[in-house]
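A.B. asks: Okay, sequence plus prediction incoming.
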Amino acid sequence: MKKTLAFLLAVLMLISLAACSKPAQTKPVADIYSAIETSVALPEMLPLADEYIRNYYGIDTASLDEYIFRIASDVVRADTVILVRIKGDKTAVRDALELILKQKLAEMQNYLPDQYEIAKKSKVEVSGDLVTLVISPDRDAIYKIING
């Protein structure tokens, strides 16, 4: 009887400790991008306006929790950093980012072979509520920051 009571008390203590623990905090995408900018030598990057994102990529930014869309200001660079946090279904956003990557590959293939090779190594990644597309020669370093 005492063993059973001790076991039940131990279980109740574990449950109460778990209930008191704080949920994992997610880092805002603006903070992630800021860390990328300070750690990686990106070319000059332009933020994309909501209208541009909606008209050219088919993504309604009102449906996103947080987002950063940046592309290289120099058209001869493939560099792109897109960070999207969305708690709901990520399928449409993932598909749109995959289309962006395909378009970038088509743009660069015959025009800028070195940039095509950089873009070819990229892929859309989904991790929790974050959907990302990074096209950069420093892709691995950027993903360490994103996942860190």
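C.D. replies: Yep, it's here.
A.B. asks: now what about stretch 132-147, what contacts it?
C.D. replies: For stretch 132-147, the surrounding residues in contact (CB atoms under 8 Å, 6 or more residues apart in numbering) are 32, 35-36, 39-42, 78-84, 97, 100-101, 104, 118-119, 121-127, 130. The way it works is simple: take the backbone N, C-alpha and C, and place the C-beta from them, glycine included.
A.B. asks: where in the protein is pLDDT low?
C.D. replies: Applying pLDDT under 70 to the chain flags residues 1-25.
A.B. asks: host element of the most centrally placed residue in it?
C.D. replies: For the chain, the residue sitting closest to the mean C-alpha position, by CA atoms, centre = their mean, is Thr132 at 3.0 Å. For Thr132, the host element (DSSP states H and E) is strand 130-135.
A.B. asks: circling back to that earlier point, show the buried residues in the contacts of stretch 132-147.
C.D. replies: 32, 36, 40, 42, 78-84, 97, 100-101, 104, 118-119, 122, 124, 130 (16 or more other CB atoms under 10 Å).
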